[in-house]
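Engineer: Take this sequence and fold it.
(chains A and B)
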Amino acid sequence: MNYNWNWHVLLQEPYLQWLISGVQWTFQVAIAAWILAFSVGSVIGVMRTLPHRGLQIIAASYVELFRNIPLLVQIFLWYFVFPEIVPESFSKWLKRDMPNPEFITAAWALGLYTASRVAEQVRAGITSVAVGLAKAAYASGLSVVQCYRYILLPIAYRLVLPPLTSEFLTIFKNSSLALTIGVLELTAQSQQITEYTFQGFEAFTVATIIYVLIALLVTLIMAQLERTLKVPGFNSAERSS
Amino acid sequence: MKLRSIVTATTLVLSAFSAQSSAKEYSGTLEKISDTGQIAIGYRESSIPFSYLNSDQKPVGYTIDLCKRIVKDIEQKLGKPIDIRYVPVNGKTRIPLIVNGTIDLECGSTTNNLTRQEQVEYLPTTFITGAKLLTKEGSQIESVADLEGKKIGLPQGSTNEKIIKAEAKRLGIKLDILPVSDHSQGFLALQTERIDAYSADHILLTGLIAKSKSPGNYKISDDFLSYDPYAIMLRRDDSAFELVGKASLAELFRSGEIETIYNKWFEPLGVEISPLLETAFRIQALPE
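Structural biologist: Numbers count the residues shown, from 1 in each chain, chains lettered A, B, ... in the order given. Reported below is the predicted structural model:
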């Protein structure tokens, strides 16, 4: 292969600065989207298990809608189509006056998409708690809210922590799609460095390593969280064994 | 029996000789093309009229026609027919794909500049354009100086992005930039008023307006912001292959056939051959 390797270029300004800024944007998009995904996903997941037919249908529709449309298409819909179907003043605000519209749109789209996946995890967690526990809670006089708050959710979240870790990792990787609407996160910055220096192999190698490091970091944090929150008898590993 | 084995041995020796001689004759890309009987050409999907997919989803265009001519000359040099394998490329992939050998020629709308020449080589210039600003009709924006406080879309990975940023820096203007990944997306952003201006090479902006539903709603600024000579891209340090390409193009420039090919693609857009480009053709028309 006839390629002039030059690793040094990545340490030069402004390219090093670009990489750092890219990592920051990756974290900002991923974390903002995760907060949204976790909140919305929890609500939708709980709704799917509530003893109320209407709420169940709404929640199921949400999951099917957001889970079945490719994320890239959703980002484009939120960015290009959504502002054109809302009233003009709101549309103008969305496109021009909203601070950092590309970042907010990306975090919003990614968050709502991941919420549908989190919802399914949460639902799975709740339904896998032994039926007897909920029955016992109601028999003891707990309301539906109390039953979820004190019995079902604390167990369910602990059970689904491992799959939630995967979702959290995925959100970091999916955040690279934000580049399609102009958020200069890590992948976009690597591309930009390629375009300015034509040292693409170096830029993408470094981006790859950074993504792996982020993933390892997240895995470590979540593993620690799992240990901290462990309740004897309700650990997923212990249950399955 | 003996005779036959002598004949076989002779044939073997002869074929070994001829194989050896052909290996000696060609090296690099020509050798690869000769061995595989195939050349890989990188094309763009929407660089009208240089290189784009027509209604049959086949790559066509001005640069594609030039490349086909080069392929014909390679066939003549190698003395055997070769197949063309078309590979789609974009602004970001075109250079890595040349470098790693996926494509042998890039036939699109690529500016020849010195930074890129650290990785790739170019054939003679086949078109000359420059960056301009595309705005909606009625906009006051005429130059980079008018962009203060406005939002501008710039194609990622283009020479335009670099020159506009450099110009804004020189003027001390703070730009609000939306990086877009292709021209149609930049145009959509302008159409939906997400940005106030979009910058790309003049000829590509002309193509975008020509394709739009209401061409009257858009205007292009008068002054060129940059000098962008387009050329076919190939691998570095492969002078034998490069020479075949140079010779085919020089032949086209010499015979004036280049103008027929030019008019075929640019007349429908109403873009006449510029005096600068005509001069460039004449200068590059090297004698045999």
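Engineer: mind giving me the domain ranges of chain B?
Structural biologist: B:27-129+B:228-283, B:131-220 (automatic domain parsing).
Engineer: Helix or strand: which one has the residue nearest to B:Arg94 when sequence neighbours are not counted?
Structural biologist: What sits nearest to B:Arg94 in space, not counting adjacent residues and going by Cβ to Cβ, 6 or more residues apart in numbering or on different chains, is B:Glu106, at 5.1 Å. For the C-beta atoms, the positions are set from N, CA and C on the backbone; glycine is no exception. According to DSSP states H and E, B:Glu106 maps onto strand B:105-107.
Engineer: Need the residues that contact that strand.
Structural biologist: Defining contact as Cβ atoms under 8 Å, 6 or more residues apart in numbering or on different chains, one finds that strand B:105-107 is touched by B:39-43, B:50-51, B:61, B:63-64, B:66-67, B:70, B:89, B:94, B:97-98, B:120, B:232-234, B:245.
Engineer: I'd like to know which elements the strand or helix carrying A:Val218 is packed against.
Structural biologist: Applying DSSP H and E as the criterion places A:Val218 in helix A:200-228. The helices and strands touching helix A:200-228, judged by 3 or more Cβ pairs under 8 Å, 6 or more residues apart in numbering or on different chains; DSSP states H and E, are helix A:15-49, helix A:161-174, helix A:186-197, helix B:94-99.
Engineer: picking up where we left off before, a markdown table please, covering the domains of chain B and showing mean pLDDT and mean neighbour count.
Structural biologist: Supplementary listing: these in a markdown table, determined by pLDDT from 0 to 100; neighbours: other Cβ atoms under 10 Å in any protein chain shown:
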| stretch | mean pLDDT | mean neighbour count |
| --- | --- | --- |
| domain B:27-129+B:228-283 | 93 | 18 |
| domain B:131-220 | 89 | 19 |
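Engineer: what's the helix or strand for B:Ser199?
Structural biologist: Under the criterion DSSP H and E, the helix or strand holding B:Ser199 is strand B:197-201.
Engineer: thinking again about what came up before, the strand holding B:Glu106 - which strands sit beside it in the sheet, and in what orientation?
Structural biologist: Strand B:105-107 has these partner strands in its sheet, going by DSSP bridges: strand B:38-43 (parallel), strand B:228-235 (antiparallel).
Engineer: can you tell which of those is closest to A:Thr114?
Structural biologist: Proximity of those to A:Thr114 was assessed by Cβ to Cβ; the nearest stretch is strand B:38-43, lying at 35.9 Å.
Engineer: show me the contacts for whichever residue of chain A sits closest to chain B.
Structural biologist: Closest approach of chain A to chain B (Cβ to the nearest Cβ) occurs at A:Glu195, with a separation of 3.9 Å. Contact partners of A:Glu195, counting by Cβ under 8 Å, 6+ apart, are B:91-92, B:156-158, B:161.
Engineer: 10 Å instead, please
Structural biologist: If you count contacts by Cβ atoms under 10 Å, 6 or more residues apart in numbering or on different chains, A:Glu195 has them with A:203, B:91-92, B:95, B:115-116, B:155-159, B:161-162.
Engineer: can you put those in TSV and add secondary structure?
Structural biologist: Conversion of the contacts of A:Glu195 to TSV gives the following (DSSP: H, G, I helix; E, B strand; the rest coil):
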residue	secondary structure
A:Ala203	helix
B:Gly91	coil
B:Lys92	coil
B:Ile95	helix
B:Thr115	coil
B:Arg116	helix
B:Pro155	strand
B:Gln156	coil
B:Gly157	coil
B:Ser158	coil
B:Thr159	helix
B:Glu161	helix
B:Lys162	helix
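Engineer: how much space between the residue of the stretch 151-288 of chain B found nearest chain A and B:Gly108?
Structural biologist: Closest approach between the stretch 151-288 of chain B and chain A, counting by Cβ to the nearest Cβ: B:Gly157, at 3.9 Å. Distance, B:Gly157 to B:Gly108, using Cβ to Cβ, to the nearest Å: 12 Å.
Engineer: so what sits against both of the two?
Structural biologist: Joint contacts of B:Gly157 and B:Gly108 (Cβ under 10 Å, 6+ apart) are B:90-91, B:94.
Engineer: In a helix, B:Leu134, correct?
Structural biologist: No - counting by three-state DSSP, B:Leu134 is not found in a helix; it is strand.
Engineer: correct me, but it touches B:Leu190?
Structural biologist: Yes - checked against Cβ atoms under 10 Å, the pair B:Leu134 and B:Leu190 is within contact range at 6.5 Å.
Engineer: Next up, the contacts around A:Leu177.
Structural biologist: Neighbours of A:Leu177 in contact, by Cβ under 10 Å, 6+ apart: A:29, A:70-72, A:74-76, A:106, A:109-110, A:113, A:183, A:185, A:187.
Engineer: follow-up on the earlier one: I'd like to know which of the shared contacts of B:Gly157 and B:Gly108 is nearest to chain A.
Structural biologist: B:Gly91 (7.5 Å).
Engineer: and the nearest residue to the closest one once chain neighbours are set aside, what is it in contact with?
Structural biologist: Ranked by Cβ to Cβ, 6+ apart and with sequence neighbours excluded, the top spatial neighbour of B:Gly91 is B:Gly157, at 4.0 Å. For B:Gly157, the contacting residues are A:191-192, A:194-196, B:90-95, B:179, B:181-182, taking Cβ under 10 Å, 6+ apart as the criterion.
Engineer: any chance of these in JSON lines, plus distance to B:Lys150?
Structural biologist: Written out in JSON lines, the entries for the contacts of B:Gly157 read as follows (distance: Cβ to Cβ, whole Å):
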{"residue": "A:Gln191", "distance to B:Lys150": "25"}
{"residue": "A:Gln192", "distance to B:Lys150": "22"}
{"residue": "A:Thr194", "distance to B:Lys150": "28"}
{"residue": "A:Glu195", "distance to B:Lys150": "23"}
{"residue": "A:Tyr196", "distance to B:Lys150": "24"}
{"residue": "B:Asn90", "distance to B:Lys150": "27"}
{"residue": "B:Gly91", "distance to B:Lys150": "24"}
{"residue": "B:Lys92", "distance to B:Lys150": "26"}
{"residue": "B:Thr93", "distance to B:Lys150": "31"}
{"residue": "B:Arg94", "distance to B:Lys150": "30"}
{"residue": "B:Ile95", "distance to B:Lys150": "31"}
{"residue": "B:Pro179", "distance to B:Lys150": "16"}
{"residue": "B:Ser181", "distance to B:Lys150": "21"}
{"residue": "B:Asp182", "distance to B:Lys150": "22"}
